[in-house]
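S.K.: The sequence and its predicted three-dimensional model are supplied below.
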Amino acid sequence: MTSSSLRGQVVVITGGARGIGYATARTLIERGARVAIGDIDETRLLAAADELGLEVTGRLDVTDAESFRAFYSMVSERLGTPDVLINNAGIMPVGPTLEEPEEAARRMVDINLHGVITGTKIALASMLPRRNGHIINIASMAGEAFVPGAATYCATKAAVIAFTEAVRLEHRTSGVSVSLVLPTFTNTELVAGTTGPRGFRNAEPEEIADAIAGLLERPRPRAYVTRVMGQVLAAQRFMPRSVAEGLARRLGGEQMFLAGVDTSARQAYEQRARKS
């Protein structure tokens, strides 16, 4: 796709009512795409639709395959067959592993991983016969950096990376592009009450949105945001394990989701995420 070819493209975004999904919807609308957002939070979804001037939105529970298929079909009927699916929905409860409630762990796996798998399959079934389309899965640098206090979240994002790369290779000659976006800490409600890597700024949701637009305009396997943190992560792969882990500690990695969390500032998000 070139920049001009985004005009008129039908784009589906999961978890689109806030944060990265919302910013991406706004950016792609500005570039001429026809965007539909789905979200499980119907109140916020209606507000987002009004703010963005969207014609097509719907309640979407990515953990329910029937809900996902119904939403995808509704978009197809009202806007046309989707050209792009952005699997963005995700949650991040944090804290010591042994204190993590079982239901929180299962909910993370269901939303962050199974939701991506389900959406990818639904999109492939639509896109492969046309030999055209683009699936973008939002992972995280946490899927490669392994942060104490977010073990299950890291596991889900590592699985999203592996799944997406395998699907991309499986369909590399199909005409359907499959890509990953790996954000660092991003200034959304998801990181409320936490601090990012010491000495590095957080990303803004608009930067993630721009990276997604860039992948649509020039498809490639993955994009890291911010680029600097992506370079730090890449450099650590070539370091001895003891050096890489020492660097992570110096960046505050062992405190980000443990002693460094402001639980009062994070309480509202944690409650909403676990009930999402």
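M.R.: Structure's in. What do you need? Predicted model, so just to flag it, every value in this text is computed and none were measured.
S.K.: Show me the strands in the stretch 51-200 of the chain, by range?
M.R.: With DSSP state E, counting those that start in this stretch, the ranges of strands along the stretch 51-200 of the chain come out as 56-59, 84-87, 133-138, 176-183.
S.K.: Retrieve the pLDDT associated with residue 50.
M.R.: Turning to residue 50, the model gives it a pLDDT of 97.
S.K.: Who are the packing partners of the one helix or strand it maps to?
M.R.: Taking DSSP states H and E as the criterion, residue 50 maps to helix 42-52. If contacts are counted by 3 or more C-beta pairs under 8 Å, 6 or more residues apart in numbering; DSSP states H and E, helix 42-52 sits against helix 19-30, strand 34-39, strand 56-59. The C-beta positions use only the backbone N, C-alpha and C, and glycine is treated the same way.
S.K.: and the angle for the second one with helix 42-52?
M.R.: Same thing as strand 34-39. Orientation of strand 34-39 against helix 42-52 (axes from the mean of the first three to the mean of the last three C-alpha atoms, to 10 degrees) gives an angle of 160 degrees.
S.K.: Adjacent strands (with direction) for strand 34-39?
M.R.: strand 10-14 (parallel), strand 56-59 (parallel) (DSSP bridges).
S.K.: Name the stretch among the helices and strands packed on helix 42-52 that sits most buried.
M.R.: Sort the helices and strands packed on helix 42-52 by mean neighbour count, taking mean count of other C-beta atoms under 10 Å, and strand 34-39 sits at the top with a mean of 27.
S.K.: where does the stretch 151-276 of the chain have low pLDDT?
M.R.: Residue ranges of the stretch 151-276 of the chain with pLDDT under 70: 276.
S.K.: what's near enough to touch residue 93?
M.R.: Residues near residue 93 by C-beta atoms under 8 Å, 6 or more residues apart in numbering: 100, 104, 107-108, 152-153, 270, 273-274.
S.K.: now those residues in TSV, with distance to residue 131 and neighbour count?
M.R.: As requested, the contacts of residue 93 are arranged in TSV below (distance: C-beta to C-beta, whole Å; neighbours: other C-beta atoms under 10 Å):
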residue	distance to residue 131	neighbour count
100	43	18
104	41	18
107	36	19
108	34	23
152	37	19
153	35	25
270	43	19
273	38	20
274	41	14
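S.K.: From those, pick the one nearest residue 140.
M.R.: Distance to residue 140, by C-beta to C-beta, is smallest for residue 153 among the contacts of residue 93, at 7.7 Å.
S.K.: Distance to residue 159 added to the contacts of residue 93, as TSV?
M.R.: Shown next, in TSV, are the contacts of residue 93 (distance: C-beta to C-beta, whole Å):
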residue	distance to residue 159
100	17
104	17
107	15
108	11
152	11
153	11
270	22
273	18
274	20
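S.K.: follow-up on the earlier one: out of the strands paired with strand 34-39, nearest to residue 143?
M.R.: strand 10-14 (17.7 Å).
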